[in-house]
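Participant: this one's structure only:
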């Protein structure tokens with residue numbers, strides 16, 4: 001799995017998880033959903049993604065975007 005696919009899968013998982021926690025636990029989890037979405041948005045323009053840097057250092061195969 002490339003870094004690109006891993007980042008997208010991880011972001012999707014975090015969004016779904018935080019939405020479920022926001023619905024069933026505390027509405028404050030929606031702030032985490034907003035953070036993940038904002039990070040995805042800024043990485044689309046800047047190419048900077050903290051998770052991609054960590055994965056690159058771990059030796060995960062790079063993709064086209066990161």
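Facilitator: Received it, and whenever you're ready, just let me know what you need. Please read all numbers here as calculations on a predicted model, not as lab measurements.
Participant: and after the lengthiest helix in the chain, which helix or strand comes next?
Facilitator: In the chain, assigned by DSSP state H, the helix with the most residues is helix 3-24. Of the helices and strands lying after helix 3-24 in sequence (DSSP states H and E), the nearest is helix 30-46.
Participant: okay, the residue positioned nearest the centre of the chain: pLDDT?
Facilitator: The centroid of the chain falls nearest to residue 11 when counting by CA atoms, centre = their mean (3.0 Å). Residue 11 carries a pLDDT score of 96 in this model.
Participant: Residue 32 now?
Facilitator: 97.
Participant: Which strands and helices lie in contact with the longest helix of the chain?
Facilitator: helix 30-46, helix 50-57 (3 or more CB pairs under 8 Å, 6 or more residues apart in numbering; DSSP states H and E). Just so you know, the C-beta spots here come from the backbone N, C-alpha and C atoms, and that holds for glycine as well.
Participant: closest to residue 3 out of those helices?
Facilitator: Closest of these to residue 3 is helix 50-57, at 4.9 Å (criterion: CB to CB).
Participant: and that closest one, what does it pack onto?
Facilitator: Helices and strands touching helix 50-57, by 3+ CB pairs under 8 Å, 6+ apart, are helix 3-24.
Participant: rerun that using 10 Å as the cut-off
Facilitator: If contacts are counted by 3 or more CB pairs under 10 Å, 6 or more residues apart in numbering; DSSP states H and E, helix 50-57 sits against helix 3-24, helix 30-46.
Participant: Show residues contacting the shortest one.
Facilitator: Residues external to helix 30-46 that are found in contact with it (CB atoms under 10 Å, 6 or more residues apart in numbering): 7-8, 10-19, 21-23, 48-52, 65-66.
Participant: out of those, which are buried?
Facilitator: Among those, those buried by neighbour count (16 or more other CB atoms under 10 Å) are 7, 11, 14-15, 18, 21-22, 49, 51-52, 66.
Participant: Now for the residues you listed: which two are most distant?
Facilitator: The widest separation within the buried ones among the contacts of helix 30-46 (CB to CB) is 27.9 Å, between 22 and 66.
Participant: Just send the buried ones among the contacts of helix 30-46 back as a markdown table, with distance to residue 29 too.
Facilitator: Shown next, in a markdown table, are the buried ones among the contacts of helix 30-46 (distance: CB to CB, whole Å):
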| residue | distance to residue 29 |
| --- | --- |
| 7 | 21 |
| 11 | 15 |
| 14 | 11 |
| 15 | 11 |
| 18 | 5 |
| 21 | 4 |
| 22 | 4 |
| 49 | 22 |
| 51 | 19 |
| 52 | 24 |
| 66 | 27 |
